[in-house]
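>>> got a predicted model here, sequence first, then my questions.
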Amino acid sequence: MSADGVRRARALLIVILAACLAPGGAGAQEIGEDAGAQEGALFLLLPVGAQGVGLGRAMTALSSEEGAFWNPAGLAGFTERRALVYRGDQLAGEATAATVLFPWNRVGTFGISYLLVDIGDQDLRDAFGDVLGSISVRNHVGIASFATSFPGRIHAGINMKLVQFRVACRGQCPDLETTSSAYAIDVGVQAEPFSRIPLRFGWMIAHAGTEFQILNEEQSDPLPTRVRFAAAYEVLHRFVDDGLMDLWVTLETEDRARDLGSPSLYMGLRFSAADLFFVRTGYVGGQLDQTDGATVGVGFRLDRFDLNLAQSLTRSMVTGESQPIHVTLGVQF
């Protein structure tokens, strides 16, 4: 590879790394400056799951099959085995994920999840335009979850996560290959303190773990550790006695664990009819790592299968296009 080709390849790698680590692309530098120190592995902040996206990310106080990506305490109480597949294109790349849940009677719920954020492939060319090879950039997150319930209507959960960033080479670019890994945990709690009042509280700390090293020790950054507090209240119990319909209102705040003072606010409404049809809407606002704006979603459940769809109503700050639809498919087995 010529010297000019090496320079081009390394410059391209830096651009791809920046895109890979930024949940919103152009805002990554501002995020790091606001926090007082650059954070690594910002792809961990990307929303995963149509239920959570439709609710404007306000999931910390709610029970959900998507809990591995929002609050592991939300997995407590499930009695049937379930498998879920998620799909949602992000500005940083194509996101695909899967979860399998295994409830164990009187013990709790175990879960295994995997997330792939595919940044894409890029050809590397020399000074004459000839293709020397291509690199692929992928982010991987493996999650082992456990959640259980305690007396007093308290639910707790934990995620153990392996986070990995990988650049692979095909052709004349082996010097560009790299793999970076970190370990992290999420710990969450949910509580329903009043037996006659449908009020739920949630708290969690997310993405706490080892530093994320890209090239060498000098270029390692802390993971984007976040603290979340939430409350949810069901408003229809005063008017509907049979319980066939419910409407949950949830409010949540999130902030950096290491640098408090720039919180985001998430709000959501979830309506369900006979646990078969769901309508969700939400709003994301604040100073952290996401675009402010409204979200909407719908869900359907038929026998052992369910389908959830959601979309942010904002437009991409980079392309100006509408945000893609997020999809979650689930099956009970």
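All right, it came through fine. Numbering: from 1, shown residues only.

>>> partners of the helix or strand encompassing Q190, with directions?
Assigned by DSSP states H and E, Q190 belongs to strand 178-191. Using DSSP bridges, strand 178-191 pairs in its sheet with strand 154-171 (antiparallel), strand 199-209 (antiparallel).

>>> and that strand, what's buried?
Residues 178, 180, 182, 184, 186-191 are the ones in strand 178-191 that count as buried (16 or more other CB atoms under 10 Å). In short, each C-beta sits where N, CA and C put it, glycine included.

>>> can you give me the end-to-end span of stretch 185-205?
For stretch 185-205, the first-to-last residue distance is 8 Å (CA to CA, to the nearest Å).

>>> contact partners of it?
60-63, 71-74, 76, 152-161, 206-209, 225-234, 237, 252, 257 (CB atoms under 8 Å, 6 or more residues apart in numbering).

>>> give me the buried entries from these.
60-63, 71-74, 76, 154-159, 161, 206-209, 225-232, 234, 252, 257.

>>> mind listing the strands for the stretch 51-200 of the chain?
82-90, 93-104, 108-125, 131-150, 154-171, 178-191, 199-209 (DSSP state E, counting those that start in this stretch).

>>> tilt between the third one and strand 93-104?
Spelled out, it's strand 108-125. Angle of strand 108-125 versus strand 93-104, following axes from the mean of the first three to the mean of the last three CA atoms, to 10 degrees, is 160 degrees.

>>> what does the first one give?
Relative orientation of strand 82-90 with respect to strand 93-104: 160 degrees, computed using the same axes, to 10 degrees.

>>> by contact count, what packs against strand 82-90?
helix 50-54, strand 93-104, strand 326-332 (3 or more CB pairs under 8 Å, 6 or more residues apart in numbering; DSSP states H and E).

>>> which of those sits most buried?
helix 50-54 (a mean of 30; mean count of other CB atoms under 10 Å).

>>> which helices and strands does that one pack with?
Checking 3+ CB pairs under 8 Å, 6+ apart, helix 50-54 ends up next to strand 82-90, strand 277-286, strand 293-302, strand 305-312, strand 326-332.

>>> sorry, back to before: could you dump the buried residues of strand 178-191 to TSV with pLDDT and distance to L84?
Shown next, in TSV, are the buried residues of strand 178-191 (pLDDT from 0 to 100; distance: CB to CB, whole Å):
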residue	pLDDT	distance to L84
T178	81	31
S180	85	28
A182	93	25
A184	97	21
D186	98	17
V187	98	22
G188	98	18
V189	98	23
Q190	98	20
A191	98	25
